[in-house]
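> Sequence and predicted model, in that order:
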Amino acid sequence: MKERCALLDVIRGVTVINMVLFHAIWDLVYIFGMNWDWYYGYGAYIWQQCICCTFITLSGFCAGMGKHTLKRGAIVFLLGLAVTLVTLVFMPEDRVIFGVLTLIGSSMLIVGACKSYLKKIPAIVGLLVSYGLFAFTRHADAKYLGIFTKPIFRLPDWLYQNYATAYFGFPQSGFYSTDYFALIPWVFLFLTGFYLYQLMGKKFLSIHWKGIPPLNWIGRHALEIYVVHQPVIYGVLWVMFR
């Protein structure tokens with residue numbers, strides 16, 4: 001099984017490396033005051049979106065083949081809550097509320113509870129509908145539905161009330177988080193990954209390749225690296241720039 005999953009680990013490992021690099025530059029720019037115009041532009045945004053979209057899709061893919069989705073979802077959700085509490089206490093100006101771990105944990109809990117029903121939907125239908133809903137709701141936080149950046153339907157202001165609505169994708173005025181991934185639209189990308197596994201997962205995992213050992217290791221320990229990488233990066237940069 002480890003050999004069959006090597007490609008998955010390598011993809012995850014490459015994504016983890018990109019995440020660490022992206023966050024290291026974020027710390028340099030926003031905490032340590034480095035001026036880098038490129039990081040404020042569209043190129044950095046595309047880089048960030050590729051990282052998070054890959055992580056979320058892979059998480060949905062793995063939920064499709066996992067047997068303990070509810071248990072793992074609860075663990076990831078609690079880790080997300082821990083990240084929120086730590087940042088609120090020690091870095092309130094850079095707080096993480098409803099970050100990517102909270103989103104992935106919530107999505108795993110939803111899929112774990114509904115997996116038997118979700119599997120009854122033909123994989124290609126589930127894939128197309130899930131990704132279509134992701135595209136349609138991508139900017140719900142900006143109060144509109146549409147095709148990615150093209151508005152089609154404006155959402156009413158009463159949806160955007162408090163932290164409860166922000167969790168679902170409708171943040172209130174003044175809401176701030178340095179890492180915000182609400183259920184809508186991101187749960188639909190998670191479901192896209194879930195149905196991608198239903199459609200082609202067995203063929204994907206049957207690819208016999210030993211991978212690249214360092215990337216395999218990073219991919220297998222992606223969650224642990226995610227939890228510790230920011231404190232480590234901050235500590236290293238603080239020593240370098242103090």
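That came through fine.
> Every contact and neighbour count from this point should use C-alpha atoms.
Fine.
> Flag the shaky bits of the chain, pLDDT-wise.
Scanning the chain for pLDDT under 70 picks out 1-4.
> Show me the strands in it, by range?
For the chain, the strands defined by DSSP state E occupy 144-147, 150-154.
> Name the surrounding residues that touch the shortest one.
Applying Cα atoms under 8 Å, 6 or more residues apart in numbering, the contact partners of strand 144-147 are 135-139, 151-155.
> By neighbours, which of these wins?
Greatest neighbour count in the contacts of strand 144-147, by other Cα atoms under 10 Å, goes to T137: 24 neighbours.
> coming back round to it: of all the strands of the chain, which one is nearest T178?
T178 lies closest to strand 144-147 among the strands of the chain, at 21.6 Å (Cα to Cα).
> still on that earlier bit, which one of the contacts of strand 144-147 is nearest to L128?
Out of the contacts of strand 144-147, the member with the shortest distance to L128 (by Cα to Cα) is A135, at 10.5 Å.
> what's the closest non-adjacent residue to the closest one?
Distances taken as Cα to Cα, 6 or more residues apart in numbering place F148 nearest to A135, at 5.2 Å, with adjacent residues excluded.
> Tell me how many other residues crowd that neighbour.
F148: 16 surrounding residues under other Cα under 10 Å.
> you'd agree it is up against A142?
No. Between F148 and A142 there is no contact, the gap being 11.3 Å when judged by Cα atoms under 8 Å.
> just to revisit the earlier point, how about the strands of the chain in TSV, adding distance to L237?
TSV is the format used below for the strands of the chain (distance: least, Cα to Cα, whole Å):
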stretch	distance to L237
strand 144-147	39
strand 150-154	40
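> Please enumerate the helices of this protein.
In the chain, helices defined by DSSP state H lie at 6-30, 42-65, 69-90, 100-118, 123-137, 163-168, 183-205, 213-220, 222-241, listed in chain order.
> and among those, the most buried is which?
Mean neighbour count (mean count of other Cα atoms under 10 Å) peaks for helix 183-205 among these, with a mean of 22.
> circling back: which member of the contacts of strand 144-147 is positioned nearest I225?
I225 has its nearest neighbour among the contacts of strand 144-147 in R138, at 27.7 Å by Cα to Cα.
> Distance-wise, check V239 relative to F32.
Between V239 and F32 the computed distance is 11 Å (Cα to Cα, to the nearest Å).
> Near the residue lying closest to F241 once chain neighbours are set aside, how many residues? Count them for me, please.
Leaving aside its sequence neighbours, F241 sits nearest to F32 (Cα to Cα, 6+ apart; 7.6 Å). Neighbour count of F32, defined by other Cα under 10 Å: 15.
> Redo the contacts of strand 144-147 as JSON lines? Include distance to V86.
JSON lines is the format used below for the contacts of strand 144-147 (distance: Cα to Cα, whole Å):
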{"residue": "A135", "distance to V86": "32"}
{"residue": "F136", "distance to V86": "34"}
{"residue": "T137", "distance to V86": "30"}
{"residue": "R138", "distance to V86": "28"}
{"residue": "H139", "distance to V86": "28"}
{"residue": "P151", "distance to V86": "37"}
{"residue": "I152", "distance to V86": "39"}
{"residue": "F153", "distance to V86": "38"}
{"residue": "R154", "distance to V86": "36"}
{"residue": "L155", "distance to V86": "33"}
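> ok, of those, which one's closest to W209?
Among the contacts of strand 144-147, A135 lies closest to W209 (Cα to Cα), at 33.4 Å.
> so who does the closest one touch?
Contacts for A135 (Cα under 8 Å, 6+ apart) come out as 146-148, 185.
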